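dropping a prediction and its sequence here:
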Amino acid sequence: MNNSTLPERELSLEALLEALLFVAPGAVSPAQLATVLEIPLDQVERGLERLDGILLDTRLNRGLRLQKHRGRFQLTTAPQAAPVIERFLGLDTESRLSRAALETLAIIIYKQPVTRPQIDGIRGVNSDGVLKSLLSKGLIQENGRAESVGKPILYGTTPELLQFLGINSFEELPKLNLNQSLEDNHDENII
């Protein structure tokens with residue numbers, strides 16, 4: 001860190017990281033933060049871990065969370081603050097997703113990047129309308145094209161999906177256990 005700038009010397013690394021993430025227009029990589037702060041990457045990574053702990057500390061009751069998505073970080077509001085924030089911003093608090101949208105999101109979350117034909121194959125129905133709806137809501141995004149016949153679009157998740165789900169990382173979601181699902185399905189078919 002450059003010792004000649006006074007504000008940096010007065011703030012902890014966690015406070016500087018919080019300030020940078022606050023003004024960032026979107027998610028930021030630890031490498032970008034390390035470059036700006038002129039410190040090693042491992043120091044930034046440890047600082048982000050400590051900042052996450054501070055924001056999650058229930059004794060401090062903070063309104064912000066550190067969100068991690070694809071190795072990038074950004075500040076978001078605590079899920080518990082959503083009703084007040086929605087009221088303040090005049091947003092629709094009854095925004096719900098259909099069963100088809102939830103199915104499609106689950107497939108994208110666990111299989112990303114994934115193509116529409118792959119999603120259709122898993123769901124057994126055409127997913128065009130659902131994908132358009134999820135794209136318009138900013139919950140999924142196009143992540144390029146597959147290197148296969150027709151070069152279909154690859155879909156992946158967005159940081160906004162994490163906010164919508166009220167989680168800080170997809171690591172908080174349950175692990176997908178296909179073997180258990182297959183066993184449960186087999187047992188249901190026997191009955």
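Structure received.

how's this protein carved up into domains?
6-82, 94-190 (automatic domain parsing).

just checking, what packs against the longest helix that the chain contains?
Ranked by residue count and defined by DSSP state H, the top helix of the chain is helix 41-56. Here helix 41-56 touches helix 13-23, helix 30-37, strand 64-69, going by 3 or more CB pairs under 8 Å, 6 or more residues apart in numbering; DSSP states H and E. Where you see a C-beta, it was placed from the backbone N, CA and C, and this is true even at glycine.

could you dump these to TSV with distance to Gly138, mean neighbour count and mean pLDDT?
What follows is the helices and strands packed on helix 41-56, written out as TSV (distance: least, CB to CB, whole Å; neighbours: other CB atoms under 10 Å; pLDDT from 0 to 100):
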stretch	distance to Gly138	mean neighbour count	mean pLDDT
helix 13-23	20	17	95
helix 30-37	22	16	96
strand 64-69	13	20	90
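
and those as TSV, adding distance to Tyr110?
Formatted as TSV, the helices and strands packed on helix 41-56 follow (distance: least, CB to CB, whole Å):
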stretch	distance to Tyr110
helix 13-23	28
helix 30-37	25
strand 64-69	15
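
tell me which of these lies nearest to Val114.
Among the helices and strands packed on helix 41-56, strand 64-69 comes nearest to Val114, with 16.6 Å by CB to CB.

who's in contact with that closest one?
By CB atoms under 8 Å, 6 or more residues apart in numbering, the list of residues contacting strand 64-69 from outside reads 18, 21, 27, 48, 51-52, 55-56, 73-79, 157-159, 162-163, 168-171.

CA atoms only for that strand, dumped as CSV, please.
Output in CSV follows, covering the C-alpha atoms of strand 64-69 (Å, rounded to 0.1, in the frame of the first residue of the first chain):
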residue,chain,number,x,y,z
LEU,A,64,-24.8,-5.1,3.8
ARG,A,65,-23.5,-8.4,2.6
LEU,A,66,-20.5,-9.5,0.6
GLN,A,67,-21.6,-11.4,-2.5
LYS,A,68,-19.3,-13.7,-4.4
HIS,A,69,-20.2,-14.8,-8.0
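
how far does it sit from the chain's center?
Averaging C-alpha positions (CA atoms, centre = their mean, to the nearest Å) puts strand 64-69 8 Å from its chain's average.

can you give me the pLDDT of Asn126?
Predicted confidence (pLDDT) for Asn126: 92.

now do the same contact list for it.
Residues in contact with Asn126 (CB under 8 Å, 6+ apart) are Asp120.

quick one: secondary structure of it?
Secondary structure for Asn126, judged by DSSP: H, G, I helix; E, B strand; the rest coil, is coil.
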